[in-house]
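K.L.:
kindly return the folded structure for what I paste below:
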Amino acid sequence: MSAVGEQGRRSLEGGALIKDKELWFDDGNIIILASKRHAFRVYKGLLFRASSNIQGYVEGCTEDTKPIDGCPVVSFEHDSPTDMRHFLHALLLSATCALKQASLPFATIASVIRIAHKYEADKLVDAALSRLESFLVPRPGHWTESAAAWEERRDLGQAQCGISFEPRDAISAVKIAIGVVKDGDSESQKLLRRSFWLQNRALARIAILAPPLDVVVYDHIEGLTGADWVLHKGVSSLKNRKIGGLRIVPESRQNRVSRWGGQSRMLLDKPLMLPLAFYECCLLEDVLSLRNGVGRLGEEDGTLDKLNDTNYRRCILAMPLLSRQVHASVLRVLEAGMTGPATHCRLGGNCKELTRHMFMSHTKDDGPSPLHDLFVRLDRRTPPPPAFLAREGALCQPCLDRLLSLSEEDCAAMRRRLPEFFGLGDLEGWQ
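P.N.:
Now for the predicted structure:
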C-alpha cells in the first residue's frame, strides 16, 4: 500500500493501517476499514449491488474522511476484520459460488451472516443461513435420525450439510439464532446499534439500543442534538450532525424484544435452531466456557462468544435433566421389553427373564450417563450400558431386535422433546 498522507493519517485517527493480504486490489475504488485499522481495497459496485443500506452508509461516511491514493475511505469500526473478510469474499465470489463450496467452517458462515444481515445483503444472508439451518434444524432424514454413534452421525451431518461444526461453535450459533448483539468489553463501551424512522415531516421516533439493552425513545426530532441520517419516505438525507459524538446509522429492520433471552436486538429470530444448538452447548468439555466465552476463530482482538444469563441457566439446568433422561431411557426400553408379548421369542420366553435382570441391574447403576447418548440406541452408545452389554449376547435375535427397535422409538421421542428440556416449550415446527 502506498504511503498515507498526513491529512489522511489525521482523518483516520493517526493509526497505521494494516493492509489485508488477500483483499487488496490495486484497481479497487473504495477502501473499507474494519476495527478502524484493518484495510480492504475492493470494488464499490459490488458493495452497492449487495445492499442499498451499505450504499447509503458509504455515501455518508466517505464525506467525513480523506481519500487514500484517490480512493474514498469508509470505516466499519464495529465490525471485525475476520467477519468483514469473509463477507467481502462472499461478495466477490458471489453468493451462488462462495456459499456453495463443498464444505465451509462454521466461523465463515457465521461471519457472513453477521455482516450481511447487519447491512441487509439479504441474498447472502439467505445462502449462509440455509446451510446453517440444514445442520441445526431437524427435518425428515436429518442426520440426528441416524442409527450411528453420536460422533459418527455428527460427522455424517457435517458432510451432508457442508459445514464444519464443533461444540464450541454452538455458543455463536445460539447468539445468531436469537439475535444477541456482539459483546463489547464493557456495557457502557459503545452503542451497538442505532436506528430511527421518520414517521412524518414533524415527528420522529428514535430508538437507541445500547449494550445494557435499554431503549431510549425521542418522540420529536427537536429532542435530539442532531443526527447524521434521517430516513423520510425512503429517501436518506445527510444532516452532518451527531448525537453525543456518535453516528446514527439508518436501519429499516425494527428492534424487538427477544423471548429467548430478555431484551435484545433480534438478529435473525430463528428459534428452530435453538434446541440442537443448546444441546451442543451442553456437550462442551469445559462447561465454564459457556459463561466465560470462547474466542472466535481467526479473531485477533480477543472477541468472545458467550451465553447471556438466561441461556447460561438454560444449559446448566438442562445438563442433569438430560443425564437423567439418558439413564431413564434404558429403563423405559427394558421395562417395555420385559412386559411386552414374547410370541417371537426363540427361547420359550426366557428372554423376558433376561431382560428383567438387565432392568434390575441398571436400576443399581448410578454412574454418570454421557449426554451425547441421548439420541443413541442401546447398542451404539459409547459405551453401551453395562447391564445391557452383559446379557445382550444371551438374547435371541428377535428379542434383541425388538429391544433395539424400542430404543430407536425412545430416541425419536427424546428428539421431539428436546425443546422442552431447555424450557422452550412447544416449539412450532420442531420435528
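
K.L.:
who's in contact with Ser361?
P.N.:
Ser361 makes contact with Pro386, Ala387, Ala390 under the criterion CB atoms under 8 Å, 6 or more residues apart in numbering. All C-beta atoms are positioned from the backbone trio N, CA, C, and that covers glycine.

K.L.:
could you give me the PyMOL selection string for whichever of these are buried?
P.N.:
A single PyMOL command selects the buried members of those (16 or more other CB atoms under 10 Å):
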select buried, resi 387
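
K.L.:
tell me where the model's unsure across the stretch 151-300 of the chain.
P.N.:
By pLDDT under 70, the weakly predicted segments of the stretch 151-300 of the chain are 179-268, 298-300.

K.L.:
in this structure, which helix is the longest?
P.N.:
Longest helix in the chain, counting residues (DSSP state H): helix 309-339.

K.L.:
can you give me how far the helix or strand following that helix is from the chain middle?
P.N.:
Where DSSP states H and E defines the elements, the next helix or strand beyond helix 309-339 is helix 350-363. Centroid separation for helix 350-363 versus its chain: 44 Å, with CA atoms, centre = their mean, to the nearest Å.

K.L.:
in helix 350-363, what's buried?
P.N.:
Cys351, Lys352, Leu354, Thr355, Met358, Phe359, Ser361, His362.

K.L.:
in space, not sequence, find me the middle residue of this structure.
P.N.:
With distances taken as CA atoms, centre = their mean, Ala173 lies nearest the centre of the chain, 1.8 Å away.

K.L.:
compute the inter-axis angle for the strand or helix carrying that one and helix 309-339.
P.N.:
Assigned by DSSP H and E, Ala173 belongs to helix 169-178. Put simply, helix 169-178 runs at 110 degrees to helix 309-339, going by axes from the mean of the first three to the mean of the last three CA atoms, to 10 degrees.

K.L.:
CA atoms of helix 169-178 as CSV?
P.N.:
Output of helix 169-178 as CSV, limited to C-alpha atoms (Å, rounded to 0.1, in the frame of the first residue of the first chain):
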residue,chain,number,x,y,z
ASP,A,169,-19.4,-23.2,17.7
ALA,A,170,-22.8,-23.8,19.3
ILE,A,171,-22.5,-20.6,21.5
SER,A,172,-22.2,-18.4,18.5
ALA,A,173,-25.0,-20.3,16.8
VAL,A,174,-27.3,-19.6,19.7
LYS,A,175,-26.4,-15.9,19.5
ILE,A,176,-27.1,-15.8,15.8
ALA,A,177,-30.5,-17.6,16.3
ILE,A,178,-31.8,-15.3,19.0
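
K.L.:
for Leu124, see how far away the residue nearest to the centre of the chain is.
P.N.:
18 Å (CB to CB, to the nearest Å).

K.L.:
now do Leu395
P.N.:
54 Å.

K.L.:
please parse the chain into its domains.
P.N.:
Domain ranges of the chain: 184-257, 313-421, per automatic domain parsing.

K.L.:
just to revisit the earlier point, buried residues in the helix holding Ala173, which are they?
P.N.:
Using 16+ other CB under 10 Å as the test for burial, helix 169-178 gives Asp169, Ala170, Ile171, Ser172, Ala173, Val174, Lys175, Ile176, Ala177, Ile178.

K.L.:
also stretch 422-431?
P.N.:
Phe422, Leu424, Trp430.

K.L.:
who touches it?
P.N.:
When contacts are defined by CB under 8 Å, 6+ apart, stretch 422-431 is touched by residues 138-140, 142, 260, 271-272, 274-275, 278-279, 314-315, 317-318, 416, 418-419.

K.L.:
from those, list the buried ones, please.
P.N.:
By neighbour count, with 16+ other CB under 10 Å, these hold 138, 142, 260, 271-272, 274-275, 278-279, 314-315, 318, 418-419 as buried.

K.L.:
for those, which one is nearest His78?
P.N.:
Nearest to His78 among these, counting by CB to CB, is Trp260 at 23.0 Å.

K.L.:
wait, Leu91 touches Ala121, no?
P.N.:
Yes. Leu91 is in contact with Ala121 according to CB atoms under 8 Å; the separation is 7.5 Å.

K.L.:
anything in contact with each of those two?
P.N.:
Shared contacts of Leu91 and Ala121, defined by CB under 8 Å, 6+ apart, are found at Ala50.

K.L.:
that's a helix at Arg41, yeah?
P.N.:
No. Arg41: not assigned to a helix; according to DSSP: H, G, I helix; E, B strand; the rest coil it is strand.

K.L.:
so the closest residue to Leu334 other than its chain neighbours versus Val330, what's the distance?
P.N.:
Leaving aside its sequence neighbours, Leu334 sits nearest to Phe359 (CB to CB, 6 or more residues apart in numbering; 4.1 Å). For Phe359, the distance to Val330 equals 9 Å [CB to CB].

K.L.:
joint contacts of these two?
P.N.:
Both Phe359 and Val330 are contacted by Ala387, under the criterion CB under 8 Å, 6+ apart.

K.L.:
state the pLDDT value of Ser367.
P.N.:
Careful, residue 367 is Gly; it's not Ser. We have a pLDDT of 72 for Gly367.

K.L.:
for Ser103, phi and psi?
P.N.:
Per-residue torsions, Ser103: phi -150, psi 140 (degrees, to the nearest 10).

K.L.:
for Gly157, see how far away it is.
P.N.:
Counting by CB to CB, the separation of Ser103 from Gly157 is 12 Å.

K.L.:
more crowded one of these two?
P.N.:
Between Ser103 and Gly157, Gly157 has the larger neighbour count (other CB atoms under 10 Å), namely 19 against 12.

K.L.:
what about the more buried one, which helix or strand?
P.N.:
With DSSP H and E as criterion, Gly157 is part of helix 150-161.

K.L.:
got the buried ones among the contacts of stretch 422-431 as CSV, with distance to Val74 and secondary structure columns?
P.N.:
Formatted as CSV, those follow (distance: CB to CB, whole Å; DSSP: H, G, I helix; E, B strand; the rest coil):
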residue, distance to Val74, secondary structure
Pro138, 41, coil
His142, 42, coil
Trp260, 33, coil
Pro271, 35, helix
Leu272, 36, helix
Leu274, 35, helix
Pro275, 39, helix
Phe278, 38, helix
Tyr279, 41, helix
Arg314, 39, helix
Cys315, 39, helix
Ala318, 44, helix
Leu418, 44, helix
Pro419, 42, helix
